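Enquirer: Provided below for reference: sequence and predicted model.
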Amino acid sequence: MGRTLASFNQLVKVLKEEDWGKFRRALRKDDQALLDELFERARYHAGPAAYASRPNPMEPIFLGMLIELLKRFRSLEAHVKTVESSAHDSGRLDL
């Protein structure tokens, strides 16, 4: 017997293509790639999003995107602190 409901990953793809397709096409090419990456990042959280079972599936999609962006931001913050600390320790303060 087949599935009667689409998986959350399939839902993300359909929403991106159908609901956000016109918006995507109106974006510049480089922004289209960024939007595609955001939707791809949202798919990392498909399990929790499906478990949440929200009436509006865009809510967990957006939260998944935000979580991934925050993880990247924190990683970059840590990298900057490491570089600053290294520069400070070596006596180089002219970043």
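Expert: Great, that's in hand. Numbering: from 1, shown residues only.
Enquirer: Only the C-alpha atoms, please, for the strand or helix carrying Lys22, written as PDB.
Expert: Assigning secondary structure by DSSP states H and E places Lys22 in helix 21-26. Output of helix 21-26 as PDB, limited to C-alpha atoms (Å, rounded to 0.1, in the frame of the first residue of the first chain):
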ATOM      1  CA  GLY A  21       7.400  29.800  -7.600                       C
ATOM      2  CA  LYS A  22       6.300  33.200  -8.900                       C
ATOM      3  CA  PHE A  23       8.100  35.000  -6.100                       C
ATOM      4  CA  ARG A  24      11.200  32.900  -6.900                       C
ATOM      5  CA  ARG A  25      11.100  33.700 -10.600                       C
ATOM      6  CA  ALA A  26      10.700  37.400  -9.800                       C
END
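Enquirer: Counting by contacts, list what the helix or strand just after it packs against.
Expert: Proceeding C-terminally, helix 21-26 gives way to helix 29-42 as the next helix or strand, assigned by DSSP H and E. Helices and strands touching helix 29-42, by 3 or more C-beta pairs under 8 Å, 6 or more residues apart in numbering; DSSP states H and E, are helix 8-14, helix 21-26, helix 58-89. All C-beta atoms are positioned from the backbone trio N, CA, C, and that covers glycine.
Enquirer: and the helix holding Lys22, which residues are buried?
Expert: The neighbour-count criterion (16 or more other C-beta atoms under 10 Å) identifies no buried residues in helix 21-26.
Enquirer: neighbours around Leu35, how many?
Expert: 15 (other C-beta atoms under 10 Å).
Enquirer: same deal with Tyr44?
Expert: Tyr44, neighbours per other C-beta under 10 Å, totals 14.
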